[in-house]
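Student: Quick one: sequence plus predicted model below, questions after.
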Amino acid sequence: MTTVRRPGAYVCGIDAAMDVIGGKWKVLILWALNVRPCRFGELRRELPGVTEKVLAAQLRELEADGIVHREAYDEVPPRVEYSLTPLGISLNEALGPLGAWGRVNLLAGSATAREVREDDDVPLIAGAP
């Protein structure tokens, strides 16, 4: 599943940004990596429902876009860790207001949202620290 970028064909900045974060799992991957660098298996546990194939493809795309850094350690057994690049950190900061909007406007009726104040740091992923 390779995504072909459309340089020069973007209508606006939102269009370009959505090309980078589009997909069901990319924003959740970004949010999980915002907490700490993770190995592949850790990310898989943080994102219930994602398949290994899809997670690997989404990570490759985020890495190709300069959002995620993949660090392979020369150890036995091999160890690979994913973390956010400075560009990925800035993208997560830009997504913060979108998360706040969702809490206020879409989760407002849920019991969980009533217990959350605007300035609370609430994980996007259930069970995440």
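Tutor: Done, it's in.

Student: Every contact and neighbour count from this point should use C-alpha atoms.
Tutor: Will do.

Student: per-residue pLDDT, Ser83?
Tutor: The model reports Ser83 with a pLDDT of 97.

Student: Could you verify that it is part of a strand?
Tutor: Yes. Ser83 forms part of a strand when assessed by DSSP: H, G, I helix; E, B strand; the rest coil.

Student: If I follow the layout properly, it ends up in contact with Ala32?
Tutor: No. Using Cα atoms under 8 Å, Ser83 is not in contact with Ala32, being 9.5 Å away.

Student: and the longest helix seen in the chain, what does it pack onto?
Tutor: Counting residues, the longest helix in the chain under DSSP state H turns out to be helix 86-105. Under the contact criterion of 3 or more Cα pairs under 8 Å, 6 or more residues apart in numbering; DSSP states H and E, helix 86-105 touches helix 26-35.

Student: Would you map the helices across the chain?
Tutor: 13-21, 26-35, 40-46, 52-64, 86-105, 111-114.

Student: so which of those is the most packed in?
Tutor: Of the helices of the chain, the one with the most neighbours on average (mean count of other Cα atoms under 10 Å) is helix 26-35, at a mean of 19.

Student: just checking, what packs against that one?
Tutor: When contacts are defined as 3+ Cα pairs under 8 Å, 6+ apart, helix 26-35 packs onto helix 40-46, helix 52-64, strand 79-84, helix 86-105.

Student: quick check: mean pLDDT across the longest one?
Tutor: Translated: helix 86-105. 90.

Student: Check the offset of the longest helix of the chain from the chain's centre.
Tutor: Computed by Cα atoms, centre = their mean, to the nearest Å, the chain-centroid distance of helix 86-105 equals 10 Å.

Student: got the angle for that helix vs helix 52-64?
Tutor: Helix 86-105 and helix 52-64 are oriented at 120 degrees to each other (axes from the mean of the first three to the mean of the last three Cα atoms, to 10 degrees).

Student: Check the residue in the chain sticking out farthest from the centre and give its pLDDT.
Tutor: Largest separation from the mean C-alpha position in the chain: Val76, at 28.5 Å (Cα atoms, centre = their mean). Looking at Val76, its pLDDT stands at 89.
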